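Trainee: The sequence and its predicted three-dimensional model are supplied below.
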There are 2 protein chains.
Amino acid sequence: MNKNGIVRSMGNPLLTVCDVKPSREGFVVKGIFNCGATKYKDEYILLCRVSEAIDPENEDTVEVPIIVEEEEKSIFQSISIRKSEHPEYCFNDSRTITKGEDANNDIVYLTTLSHLRIARSKDGIHFVLDDAPSIMPNADEESWGMEDPRITQIGDVYYINYTAVSPIGAATSLISTRDFVSFERHGIIFLPENKDVTIFPEKIHGKYYCFNRPVPKGIGTPDIWISESEDLLHWGKYRHFYGVTDGWENGRTGGGAPPIKTDKGWIKIYHAADKKNRYCLGAFLLDLDDPKKIIAKSKVPLLEPDMPYEMEGFFDQVVFTCGAIKENDRILIYYGAADACICMAEITLNDLYLHLEV
Amino acid sequence: MNKNGIVRSMGNPLLTVCDVKPSREGFVVKGIFNCGATKYKDEYILLCRVSEAIDPENEDTVEVPIIVEEEEKSIFQSISIRKSEHPEYCFNDSRTITKGEDANNDIVYLTTLSHLRIARSKDGIHFVLDDAPSIMPNADEESWGMEDPRITQIGDVYYINYTAVSPIGAATSLISTRDFVSFERHGIIFLPENKDVTIFPEKIHGKYYCFNRPVPKGIGTPDIWISESEDLLHWGKYRHFYGVTDGWENGRTGGGAPPIKTDKGWIKIYHAADKKNRYCLGAFLLDLDDPKKIIAKSKVPLLEPDMPYEMEGFFDQVVFTCGAIKENDRILIYYGAADACICMAEITLNDLYLHLEV
């Protein structure tokens, strides 16, 4: 137990690349991480982001996997990028090929392609991953992949929002399912660049609410915004919610897990990164009647990269959640570690309230 | 008449800084440009962007005008930036103070503050500008100004969307009016960074449509998107519409004037800039039933900076429209020239159809 009362699962990491069957021959699994989490019937469900790459033939080459349309079908294609032929490109960030030193700007390609895959468990710790992708990216707005799914249950419907990545930008799209077998696509609900969308699990005074995190280019920083909707498909009434601050939050803040209702308010686990891209988790306690109002929040990280599997991976020093589950008086936080594996940490509500400061 | 059949008004420029009374003592008017345009009762109405600055005491200083809240009122404040104290800042772009050479990134301050002001005319050429601002920015999401208004008449209501600029980003907000005297604010309808929103003047198959132009940071270019709404306040069903191409369109594309209905389709005047920030106007002819479908478009600019008032101003080489009016068989395009003055150019529908290529 660390000072915040948060406890990492003894089973960590719960899922690693060794558990993942590649989606096709020639693909190498680079990570299974950043999963949406929910309970369905008597099972825990993780909807995992699985990232794959193609091993290049030589060190001078990067093979970029993308989805293209051929005869009205979405199929894989590989683009060979020779480093020696592109002195203008930067290959320093494991996740991207960029035109400059800054990985957050002028991204030319991603090095991996992500799809979504379901893992199931009876106890919330031991998960069995499907052998095949549950949802594959299409050739339109997802030709570079589907990333970081969040699941929000509203009635009998499970809404899955995720980052749809393509050369036109990183947008947020919505899918719904009633059974985690068939999935209905609803298209883009937030324009590029907008990630880290988390939808509240019920209406508040007649409106749906969600958080999202636009990344403006000219003016402003990657901050959390809140918005309203009547149908989950059309959003508006945008208000700035929480910005970049100092220390562990000085680079970016973003969505994390969909909010969880408790007696004292909405619990919202979020992530923040510093300028060196070290990602931590924090939490807000929000007014039940007005989710824009912060009652209390983490002054220090609730969880920060510390264990070996969090410190080193595909992208180092990352704990990043897309889903948390309330289990009686405990919150189970499922999180991606170092863009490589899936872990869990839990905290009692009492310990969480003690951690949060007014 | 140039090769496209477009004719600049003999009265150009219609409005210049000489016509504008500063909104307060100590302010210098830097430009009156980028105006929304409509007809109301028996008058032509231009809702003009008026940009003002504070003349600094010496050459080493830039005085940045902003709006702040004091005792629940929005008031002016001036921030003095001494160039010699900020070697990390770049002052090359007349419009901004940035942290780097690129004016489209890391904007620290704007050098001017814009508000909206009405000009009226009986003939569409001779305009009389109000002495005072019609709509002033508030201290929230507009503390750096209100820019580039577009007017769309739907029934008896005139909807005004504009760029709301503040340190949290450049968003699009909506205001409505029935009389151009009292104005109702509806808040942010598109998150940062999103400008150049143009709303269609009627529902198409039961839905409102608009174009908008997000500017993503990491992946993608400043392209035009189209979206749907049922109430003009909540938007969704986003689809990519038209991207950056070659030549005069290789830097950015964006909204321009709200679409105009004609027998042959929707006429949409838009702007495009090349990588050197030379702004031209072009046009689309869109399917009446499905405005995502381009029937024909400008292959060469419909209007490009050429006249002295377009070549030199507050920001050089710009023709930029926010409003056009259909007058029998002619389209009157009101446009900002060089971020300094307001001009008009007209073209007959026949000449416009001839200009557009399939």
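Mentor: Thanks, I have the structure now. Numbers count the residues shown, from 1 in each chain, chains lettered A, B, ... in the order given.

Trainee: Give the bridge partners for the residue in the stretch 251-358 of chain A that chain B sits nearest to, please.
Mentor: Closest to chain B within the stretch 251-358 of chain A is A:R252: 10.8 Å, counting by C-beta to the nearest C-beta. C-beta here means a position set from N, CA and C on the backbone, and glycine is covered the same way. Per DSSP bridges, the residues bridged to A:R252 are A:A273.

Trainee: A:R82 now?
Mentor: As assigned using DSSP bridges, the partners bridged with A:R82 are A:T61.

Trainee: So for it, what's the pLDDT?
Mentor: Listed pLDDT for A:R82 reads 95.

Trainee: Would you mind confirming that it makes contact with A:T61?
Mentor: Yes: A:R82 is in contact with A:T61 according to C-beta atoms under 8 Å; the separation is 5.6 Å.

Trainee: Looking at these two, which has the bigger crowd around it?
Mentor: Applying other C-beta atoms under 10 Å in any protein chain shown to A:R82 and A:T61 shows that A:T61 carries more neighbours, namely 16 against 12.

Trainee: mind checking pLDDT for the more buried one?
Mentor: Looking at A:T61, its pLDDT stands at 93.

Trainee: could you list every residue that touches it?
Mentor: Applying C-beta atoms under 8 Å, 6 or more residues apart in numbering or on different chains, we find A:T61 in contact with A:80-83.

Trainee: In ChimeraX, how would I select the buried members of these?
Mentor: Applied in ChimeraX, the following selects the buried portion of the contacts of A:T61 according to 16 or more other C-beta atoms under 10 Å in any protein chain shown:
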select /A:81
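
Trainee: quick check, nearest of the contacts of A:T61 to chain B?
Mentor: Nearest member of the contacts of A:T61 to chain B, counting by C-beta to the nearest C-beta, is A:I81, at 15.9 Å.

Trainee: Tell me where chain A is predicted with low confidence.
Mentor: Counting by pLDDT under 70, the ranges of chain A that qualify are A:1-3, A:101-105.

Trainee: can you rerun that using 80?
Mentor: Across chain A, the stretches falling below the confidence threshold (pLDDT under 80) are A:1-3, A:100-105.

Trainee: Pick out the residue nearest the middle of it.
Mentor: When chain A is reduced to its mean C-alpha position, the closest residue under C-alpha atoms, centre = their mean turns out to be A:D148, at 2.9 Å.

Trainee: tally of neighbours for the closest residue to A:E249 other than its chain neighbours?
Mentor: Nearest non-adjacent residue to A:E249, counting by C-beta to C-beta, 6 or more residues apart in numbering or on different chains: A:A272, 3.9 Å away. Residues near A:A272, counting by other C-beta under 10 Å, number 26.

Trainee: Test my guess that A:A272 contacts A:G247.
Mentor: No: taking C-beta under 8 Å as the definition, A:A272 is not a contact partner of A:G247, at 9.0 Å.

Trainee: Which parts of the stretch 101-250 of chain A are helices?
Mentor: Under the criterion DSSP state H, counting those that start in this stretch, the stretch 101-250 of chain A carries no helices.

Trainee: by contact count, what packs against the strand of greatest length in chain A?
Mentor: The single longest strand within chain A, with elements called by DSSP state E, is strand A:27-40. Packing partners of strand A:27-40 (3 or more C-beta pairs under 8 Å, 6 or more residues apart in numbering or on different chains; DSSP states H and E): strand A:43-54, strand A:145-154, strand A:157-166, strand A:319-327, strand A:330-337, strand A:341-348.

Trainee: Dump the C-alpha coordinates for it into CSV.
Mentor: Extracted as CSV, the C-alpha positions of strand A:27-40 are listed here (Å, rounded to 0.1, in the frame of the first residue of the first chain):
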residue,chain,number,x,y,z
PHE,A,27,2.2,-8.7,-37.3
VAL,A,28,4.0,-8.3,-34.0
VAL,A,29,2.0,-7.3,-30.9
LYS,A,30,3.6,-4.3,-29.3
GLY,A,31,1.1,-3.7,-26.5
ILE,A,32,-2.2,-4.5,-24.9
PHE,A,33,-3.1,-1.5,-22.7
ASN,A,34,-5.6,1.4,-22.1
CYS,A,35,-8.8,-0.7,-21.8
GLY,A,36,-12.4,0.2,-21.2
ALA,A,37,-13.9,-1.7,-18.2
THR,A,38,-17.4,-2.7,-17.3
LYS,A,39,-19.4,-5.6,-15.9
TYR,A,40,-21.7,-7.6,-18.2
